[in-house]
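**Q** Fold the following.
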Amino acid sequence: MPVLALAGCVRWWLGLLLAGCSAVSTGVQLHGQVIRVADGDTLIVLDEQRQQHTIRLAGIDAPEKNQPFGTDARDHLAQTVLNQFVTVEYDKHDKYGRVVGKVLARGVDANLTQLQAGWAWHYRQYQREQSAQDWALYGEAERLARDAQKGLWQGNTPPEPPWDYRARIKTERRNSGN
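**A** Take a look at the predicted model:
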């Protein structure tokens, strides 16, 4: 057992090191007020020039609106950031044109807060885009929420990850001819 534990620690530290080496530094900041929360990982910010920006929270993936806990995830994010003045740290846009970034409300990382409350998954598919510190914090926050059965982790049935849900819905639509 100690050898397995040591191997797990080595893999964790190696992953942390690799994430830090390949993480992209945050290049731009956007400041504004959150005027709408679309779901548990997407919101709208109105900047100082009165321009709206759709923000996709980096490093996390929350349940879709039609999934179990989707409304709860959205409501938690709204309690955290709606009507707040925020700073969005980012360096990319996704294929839909959304800003992908870390949202700071009163200096608190709203992305991390979603994980800590158990309303999102750490989106490991994009972990190389995170700093080593965020990669470690987000992963640990998800693990602690799971262990404590917070948010979507409550109950005996594991929740369907949103990336699996989206793929399943896409397949079902394709198979039904829609």
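**Q** For the rest of this, base every contact and every neighbour count on C-alpha atoms.
**A** OK.
**Q** for the protein, which strand is longest?
**A** Assignment by DSSP state E gives strand 28-39 as the longest strand of the chain.
**Q** Return the distance of the helix or strand just after it from the chain's centre.
**A** Using DSSP states H and E, the helix or strand that follows strand 28-39 in sequence is strand 42-47. Relative to its chain's centre, strand 42-47 lies at 16 Å (CA atoms, centre = their mean, to the nearest Å).
**Q** what's the answer for stretch 141-160, then?
**A** A distance of 15 Å separates the C-alpha centroid of stretch 141-160 from that of its chain, computed with CA atoms, centre = their mean.
**Q** hmm, who's touching it?
**A** For stretch 141-160, contacts defined as CA atoms under 8 Å, 6 or more residues apart in numbering pick out 68-69, 112, 115-122.
**Q** Can you flag which of those residues belong to strands?
**A** Among these, DSSP E puts 121-122 in strands.
**Q** Farthest-apart pair in the contacts of stretch 141-160, please.
**A** The span of the contacts of stretch 141-160, defined through CA to CA, is set by 68 and 112 at 20.5 Å.
**Q** Those two: who's more crowded?
**A** Neighbour comparison, residue 68 and residue 112: the larger count goes to residue 112, with 25 against 13 (by other CA atoms under 10 Å).
**Q** Wait, the more buried one touches residue 139, no?
**A** No. Here residue 112 lies out of contact with residue 139, judged by CA atoms under 8 Å, at a distance of 9.5 Å.
**Q** Just the buried subset of the contacts of stretch 141-160, written out for ChimeraX, thanks.
**A** Entered in ChimeraX, the line below selects the buried ones among these, by 16 or more other CA atoms under 10 Å:
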select :69,112,115,116,117,118,119,120,121,122
